[in-house]
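> Show me how the following folds:
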Amino acid sequence: MNGDAADHYWQACKNELATLEKMKSWEVVDIPAGKHILGTRFVARGDQQIAGVEFNETYAPVVQWTTVRMMLILECMLGLNSCQADVECAFLHGALEPGEEIYMQMPRGFKQEGKCFRLRRSLYGLRQAPKAFHTYLVKALEQQGLMQSTLDPCLIVGEK
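Numbering: from 1, shown residues only. Predicted coordinates for the structure are as follows:
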């Protein structure tokens with residue numbers, strides 16, 4: 001990295017890598033013979049994934065605007081308050097599906113000779129990452145007593 005902010009960007013890369021390692025996103029393995037290795041730009045190169053081998057399903061629902069409008073109307077009518085949340089490292093919470101075996105090159109500046117990453121978790125850039133996170137989120141909210149709507153899979157409701 002070059003330029004005035006190179007040190008700042010390099011530190012950000014180290015911090016991101018530390019987070020990925022803390023969440024046990026991968027294991028460092030010898031490069032396996034005959035396996036497809038995804039490239040990396042500090043995220044997985046999902047555009048290089050092979051359908052049916054490294055992923056099966058990629059669909060992740062998006063909230064319907066009618067649901068958003070209805071929630072805002074109910075908020076106004078019932079005097080409720082809404083809030084939003086940001087899930088830190090969201091895609092890292094999603095699990096890979098059984099049988100998804102994904103290998104990724106180590107990012108430039110962190111490479112080890114003859115080694116690569118074998119992913120344990122979904123990672124930014126993978127085609128299935130949004131779906132994996134949505135699945136994780138719904139399960140976590142259901143464990144808190146909430147329920148996914150049958151009309152809009154992005155609407156999660158509860159008693160209170």
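> Could I get the full set of helices for the protein?
6-22, 65-78, 129-143 (DSSP state H).
> neighbours of L92, just the number please.
Residues lying near L92 (other CB atoms under 10 Å) number 22. To be clear about C-beta, it is placed using only N, CA and C from the backbone, and glycine gets the same treatment.
> Correction: the previous question concerned F117.
Neighbours of F117 (other CB under 10 Å): 23.
> Who are the contact partners of it?
F117 makes contacts with W26, E27, V28, V29, Y103, M104, Q105, M106, as judged by CB atoms under 8 Å, 6 or more residues apart in numbering.
> follow-up on the earlier one: just say which of the helices of the chain is most tucked in.
With neighbours defined as mean count of other CB atoms under 10 Å, the helices of the chain peak in mean count at helix 129-143, which reaches a mean of 17.
> Alpha carbons only: can I get the helix-or-strand element of the chain with minimal mean pLDDT in PDB?
Lowest mean confidence among the helices and strands of the chain (mean pLDDT, DSSP states H and E): helix 6-22, at a mean of 82. Provided in PDB are the C-alpha atoms of helix 6-22 (Å, rounded to 0.1, in the frame of the first residue of the first chain):
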ATOM      1  CA  ALA A   6      -0.900   3.600   4.000                       C
ATOM      2  CA  ASP A   7      -0.100   3.000   7.600                       C
ATOM      3  CA  HIS A   8      -3.700   3.600   8.600                       C
ATOM      4  CA  TYR A   9      -5.000   1.200   5.900                       C
ATOM      5  CA  TRP A  10      -2.400  -1.500   6.900                       C
ATOM      6  CA  GLN A  11      -3.500  -1.300  10.500                       C
ATOM      7  CA  ALA A  12      -7.100  -1.600   9.500                       C
ATOM      8  CA  CYS A  13      -6.200  -4.700   7.500                       C
ATOM      9  CA  LYS A  14      -4.400  -6.200  10.600                       C
ATOM     10  CA  ASN A  15      -7.500  -5.400  12.800                       C
ATOM     11  CA  GLU A  16      -9.800  -7.000  10.300                       C
ATOM     12  CA  LEU A  17      -7.700 -10.100  10.100                       C
ATOM     13  CA  ALA A  18      -7.500 -10.300  13.900                       C
ATOM     14  CA  THR A  19     -11.400 -10.200  14.000                       C
ATOM     15  CA  LEU A  20     -11.600 -12.900  11.400                       C
ATOM     16  CA  GLU A  21      -9.200 -15.100  13.300                       C
ATOM     17  CA  LYS A  22     -10.900 -14.400  16.700                       C
END
